[in-house]
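> below are the sequence and a predicted model for it; my questions follow.
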Amino acid sequence: MSAQTTAVELTPHHHGGDAQVKKIWKTFWLLLFITLAELGIGLTIYTIHKGAHPNHTLVLMFKGLVCILTLAKAFYIVSIFMHLGDEVRNLIMTIIVPLMLFIWFIAAFLMDGNAWKNLRNTDAGSRPYIEKTQKEPLPTLEKGKKD
Amino acid sequence: MSTASAQQPVTKLWSGGRSPFNVSYGKLMMWYFLMSDAFTFGAFLISYGTIRFSQNVWADPNHVFNAFPFAGHANLPLAFVSLMTFILILSSVTMVLAVHEGHNMNRKGVEKWLFFTILGGLAFLGCQAWEWTHLITGDHEVLVNGTIQHFGTTVSHNPWGPEVEFNGREVATPGPIAFGGYFFGITGFHGFHVFSGVIINAVMLIKTRLGHFDERGHYEMVEKGGLYWHFVDLVWVFVFLCFYLI
């Protein structure tokens, strides 16, 4: 590849120095704010858990909320800090489209984990699920032994 | 983009000589490497999620990660890991500023921001070393087969199971063993990425100081190192979510 063609590809995408720096710091404050919000939710979950009767639906809702906030953080890091937002659309697509596999990946495997729990709690469906027994601690094992 | 290339017919872009994506080969391949690395980390985290979903009980992160250096036994859930997250986000900002100075061909600026980035990376690794040490050496009373034992959190021991009544007091029982393996495995793999990132940034700093990039006429190597460093920050965002928040 000649030096001239390389130079074309290396042309920086940004326009104006100070505006870019401003944008970087703005993103930093945004990320910090989202992290603090996540922290707040984390502590809220902690407080709910400490209570006498934890509301599991509420906890699940808060956990869903931090997942969404995390995705927002990921978006800002990738598009602003990694400058993916400034790249050619086709390049963005070759990165984003394969990552769509994660939708199936997460859904399928978490459902599989949940199915395992059901099998565990019902002896592979041979007995009904009893809420009470699940609250008791797992049977303790001797060191080195596997169940 | 120069005016010369803009006037070229679009079909010519794929006939060789220049990248249709308008980036250099190295940068494009860095993106694809990062995508494959995202799948590696994704697979680890999803595996962790699968096992966690299959268990009736799991360690409560607010219970496990509640210590802070020099704070004794104070109960400070999430505080230390928030500090680690803050350090990593800040080092990501200094990295992007270094890349920005590279665009402006400002050697002094690149040196300064790369130095702070390396410092941030080392601070993060230090925090992780402290956290691991605290977890592994932290002694916990656990009821195993009717007798009290003492152990910390390791890949073979988990003292964070449900509490039971024993001789009139509440004592913990062993939790699922997978907890330690996944925690140390995934944060360790991430920590190793941070370590590699620090090495890469150190090489970039040395090459900047030696004037290699000024000779070359561009700071694209710093940009590629920067992509890797931001990816490490990105992975931490998800590790933070999966291990500490939910």
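The structure has been received and is ready for your questions. Residues are numbered from 1 along each chain as shown, chains lettered A, B, ... in the order given.
> how does chain A divide up, domain by domain?
Segmentation of chain A into domains, based on automatic domain parsing, reads A:19-86, A:89-127.
> might you list the low-confidence residue ranges for chain B?
B:1-14 (pLDDT under 70).
> how about the helices in it?
For chain B, applying DSSP state H gives helices covering B:3-6, B:25-53, B:61-64, B:79-103, B:107-137, B:178-209, B:212-216, B:220-239.
> so which of those helices comes closest to residue A:64?
Residue A:64 lies closest, by Cβ to Cβ, to one member of the helices of chain B: helix B:25-53, at 14.1 Å. For the C-beta atoms, the positions are set from N, CA and C on the backbone; glycine is no exception.
> close to chain A, is the closest one?
Yes - applying Cβ under 8 Å from any Cβ of the partner chain, one finds helix B:25-53 touching chain A at B:25, B:28, B:31-32, B:35, B:38-39, B:42-43, B:46-47, B:49-53.
> narrow these to those that are buried.
Buried by 16 or more other Cβ atoms under 10 Å in any protein chain shown: B:28, B:31, B:38, B:42, B:46, B:47, B:49, B:50, B:51, B:52, B:53, out of the residues of helix B:25-53 next to chain A.
> for the closest residue to residue B:239 other than its chain neighbours, what are its contacts?
Closest residue to residue B:239 apart from its sequence neighbours, by Cβ to Cβ, 6 or more residues apart in numbering or on different chains: residue B:190 at 5.5 Å. Residues in contact with residue B:190 (Cβ atoms under 8 Å, 6 or more residues apart in numbering or on different chains) are B:41, B:232, B:235, B:236, B:239.
> I'd say residue A:41 and residue A:65 touch.
Yes - with contact defined as Cβ atoms under 8 Å, residue A:41 counts as touching residue A:65 (6.0 Å).
> which SSE is residue A:70 in?
helix A:56-76 (DSSP states H and E).
> picking up where we left off before, pipe the domains of chain A into TSV and attach distance to chain B and mean neighbour count per row.
Formatted as TSV, the domains of chain A follow (distance: least, Cβ to the nearest Cβ, whole Å; neighbours: other Cβ atoms under 10 Å in any protein chain shown):
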stretch	distance to chain B	mean neighbour count
domain A:19-86	4	16
domain A:89-127	3	13
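> dump those into a markdown table; add mean pLDDT as well.
Formatted as a markdown table, the domains of chain A follow (pLDDT from 0 to 100):
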| stretch | mean pLDDT |
| --- | --- |
| domain A:19-86 | 91 |
| domain A:89-127 | 92 |
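> OK, contacts around residue 45?
Unless you meant another one, I'm taking chain A. A:59, A:62, A:63, B:62, B:245, B:246.
> looking at chain B here, not the other one
Contacts for residue B:45 (Cβ under 8 Å, 6+ apart) come out as B:186, B:238, B:239, B:242.
> hmm, try it at 10 Å
Contact analysis of residue B:45 by Cβ atoms under 10 Å, 6 or more residues apart in numbering or on different chains lists A:106, A:109, B:182, B:186, B:235, B:238, B:239, B:241, B:242, B:243.
> all the helices of chain A, residue numbers only.
A:3-9, A:17-50, A:56-76, A:89-99, A:101-121, A:131-135.
> for residue B:15, find the nearest of the ones you listed.
For residue B:15, the closest of those is helix A:3-9, at 12.6 Å, according to Cβ to Cβ.
> now that closest one: average pLDDT?
For helix A:3-9, mean pLDDT rounds to 46.
> count the residues that sit near the closest residue to residue B:59 other than its chain neighbours.
Distances taken as Cβ to Cβ, 6+ apart put residue B:160 closest to residue B:59, at 3.6 Å, once the chain neighbours are dropped. When neighbours are defined as other Cβ atoms under 10 Å in any protein chain shown, residue B:160 has 23 of them.
> please apply the same query to the one 4 residues further on.
Here the number of neighbours of residue B:164 (other Cβ under 10 Å) works out to 14.
> hang on, isn't it packed against residue B:172?
Yes - counting by Cβ atoms under 10 Å, residue B:164 does reach residue B:172; the two are 8.1 Å apart.
> contacting residues for residue 113?
If you meant another chain, say so; for now it's chain A. Contact analysis of residue A:113 by Cβ under 10 Å, 6+ apart lists B:46, B:47, B:48, B:49, B:50, B:51, B:52, B:53, B:54, B:55.
> looking at chain B here, not the other one
Residue B:113 touches B:91, B:93-102, B:106, B:205, B:222, B:226, counting by Cβ under 10 Å, 6+ apart.
> what about chain A: which of those touch it?
When contact is defined as Cβ under 10 Å from any Cβ of the partner chain, the contacts of residue B:113 meet chain A at B:93, B:94, B:95, B:96, B:97, B:99, B:100, B:101, B:102, B:106, B:226.
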